[in-house]
Each structure stands twice: as C-alpha cells, then as structure tokens.
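>>> Generate a structure from the sequence data that follows.
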Amino acid sequence: MNVTGHTRRSVSIRDVATAAGVSYQTVSRVINNHPSVKPSTRDRVLAAIDELGFRRNSTALALASGRTRAVTVLTSNTTHYGYASILQGIEEAARAAAYTVGVGVLESTDVADEAAIDAQVRRAADAGGGLIVIAYDPAGVRALGAVPAELPVVGVVETPATPPGGDRPWVWADDREAAYEATRHLLSLGHETVHYVAIPSSTRRTSARTTGWRQALREAGAPETRPLQGSWGPAGGHTAGLKLAKDTGVTAILCGNDDLALGVIRALHEAGRAVPGEVSVAGFDDAPHSAYLTPSLTTVRLDFTGLGRSAFALLHGVLEESAQIAPHPVSVPELVVRESSGPPPGRG
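The predicted structure is shown next:
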C-alpha cells in the first residue's frame, strides 16, 4: 500500500511470491514462460504481478536461467569518440537483450602497473556475467590478457597484424584499410607524399593505421616520412601541426583521429597556411564535429557504435550458448571527402 508522504519501495520477486502464495522460483518460471507451471498457478502469479506493479528485471531473469544477465565493460577511457561510441553500441544491444551493463574504468593506464590492472580485472570477474574489454591502448591490452580463462570475454581491438585464431574472441574495425584509402585519396589529388600524425598504438609498436598509411605510400612510390606521434586530443595535433607548418614542403597531412586533425588545422591557421589551399588535412573516425569545422573535414568513417553492438552480440551468443566465439572484422571503412582536402598549390 502506498501511503501519502512515504516513498514506495520497488516491488521484488519475493513480494510477488508472498502475494501469490508460491516460491520465488515459481515466479521466475512464470515471468520467463517456463512450461512446467500449472495454469492456475500461472494465473495467480500474473494477478499478483499486476496488482503489485512488479517489473521484470535482470535479477529475476538470472534466477530463472541460472546465469547473471550482466556485462561489464573494461576501458581506460569513456570520453574519446571511438571509446564512447563503442560503449553506446554495447549498451543499446545489451538493453535490447534485457542485460545490464557496468563500466569499469581502468584506474591505472600505465601498463607497467600490472598488479593494479590485474586487480581491476579480478573485480570485474567477481561481478559475474561476461566481460568486454576495449583494448585500444596498452592498459586495455594488458587487461584483456589478464581475464581468467573460464570467464566469457570479447575484446574490441585494433586491426590484428595477422588473422587471429578462433580461440581469440575479438572484433575490430578495419582501420588499416581506412588509413590506406585516406592516404590514396590525398595522393590522387597530386600530393608528392602524405605526412602522418599518429594516435598512440595499443601495442606501443606500429599501429594498424600507420601500417595502412605506409602501405599506400609504398605502392605509389611516394617518399616515406617519419610519423609524428600525437596524443588522442586536439592539443597533440596542435603541437604536431606547429612543427609541420614550418616545412613548406608539407602539403598533405593525415591525422590518426579527427581531434588531432582539429589541432593540426588550428596550428596551420596560426602559421598562416591555408587549408586546403596550401595544405590538405584528413582525419579519421568521422566524429560528429567533423562536418561542421571550417573547412569541413575530410575523414574516414568507422562504425564504432556498430562495433559495440557486434561485441555484445558475440558475447551474448556465448552467454546464451547459442553461438560459438569467432574473431571477425565488423565494418568496412567509408571515405568521406569534404572541404579540407584538395590539390597541392599550383595544381588546382
């Protein structure tokens, strides 16, 4: 009974069981349409559910299935566009499947701090259910490798250098191909070469994006320049852009993400170098702001939200014992040509 002036607590499955005169296991069977419940008992439980306003939740489903309908996502970042979009896709797919999602942010992003990362993995494992690890940086890679063998897990990773075996439950977007296509686009406009401002790699070695950029240069016989290491955000792009702006031979720049490109364009503007009149700039990811910059940004679109949905779908199949784990790429990159790319000076 709801008394004015008092907050009504949530109705639990045990409240329904008491009202219907049955066990809470029977209530679980009813709300999950289990065939072993007598029609009269089912009617009594359903009447109690209606009267009390009980809402089916993940706890009730877990009682019926013997499995925790929950997923924990481990990530070192929740704000950068790619990470945030993957989280969005996971949450959307999980919600549709009546799963809850928890997010564990890796408190230590220093891969040398193995004990701290391993402790966070253990805490996530203790929560039950399955685990998704966004392994776009060394801390994420370490966390993915520390997951206990018995725990269902899916990794969202950079494009692997070689196809992984079936025992590695990974999904990825083909960012090697994306960087290759973006570089080819800039070269096709007549630029002698394309300089590259890189995001950090998950392995601290050459990233898939760097590999795709370099492959396009080699196939075209274009000079290979040394990549500039940026960060994830505009500040890193700005620092790299100021260096590149001093070299008048630089006419095309590919950036490892759109935030880096934002910083590069600002640096070129401060140096008095027009985009795209003197220097063409291309980004990566097609973040929402990319179409609204001045000039609007040429970039490569990757479906990170779809990647998150696919990661959950893969894990869901394992948790529900309806599908086998298999590593696979998820999306084909799409080159989006906008105002920031054009022919080099004298070729327009």
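
>>> Contacts only, for the residue nearest in space to the middle of the chain.
Computing the C-alpha centroid of the chain and ranking residues by CA atoms, centre = their mean puts Ile86 first, at 2.8 Å. Counting by CB atoms under 8 Å, 6 or more residues apart in numbering, Ile86 touches Thr75, Ile134, Val156, Phe304, Thr305, Leu307, Gly308, Ala311. In this view, the C-beta of every residue, glycine as well, is placed from N, C-alpha and C.

>>> That one and Glu92, how far apart?
For Ile86, the distance to Glu92 (CB to CB, to the nearest Å) stands at 11 Å.

>>> between those two, what contacts are shared?
Shared contacts of Ile86 and Glu92, defined by CB under 8 Å, 6+ apart, are found at Thr305, Gly308.

>>> check which helix or strand covers the closest residue to Leu314 other than its chain neighbours.
Distances taken as CB to CB, 6 or more residues apart in numbering place Val154 nearest to Leu314, at 5.0 Å, with adjacent residues excluded. Using DSSP states H and E, Val154 sits in strand 153-157.

>>> contact partners of that strand?
Here strand 153-157 makes contact (CB under 8 Å, 6+ apart) with 86, 130-136, 141, 144, 147, 168-172, 202, 307-308, 311-312, 314-315, 325.

>>> From the residues you listed, which land in strands?
Using DSSP state E, the members of the contacts of strand 153-157 that fall in strands are Gly130, Leu131, Ile132, Val133, Ile134, Ala135, Trp170, Val171, Trp172.

>>> Bridged to the last one, which residues?
What that stands for is Trp172. Counting by DSSP bridges, Trp172 forms beta bridges with Pro329.

>>> cool, the first one as well?
Under DSSP bridges, the beta-bridge partners of Gly130 are Val71.

>>> and the gap between it and Leu151?
For Gly130, the distance to Leu151 - CB to CB - is 7 Å.

>>> With the third one instead?
Using CB to CB, Ile132 is found at 11 Å from Leu151.

>>> Of these two, which one has the most company?
Legend: neighbour count by other CB atoms under 10 Å for Ile132 and Leu151, higher for Ile132 (30 against 14).
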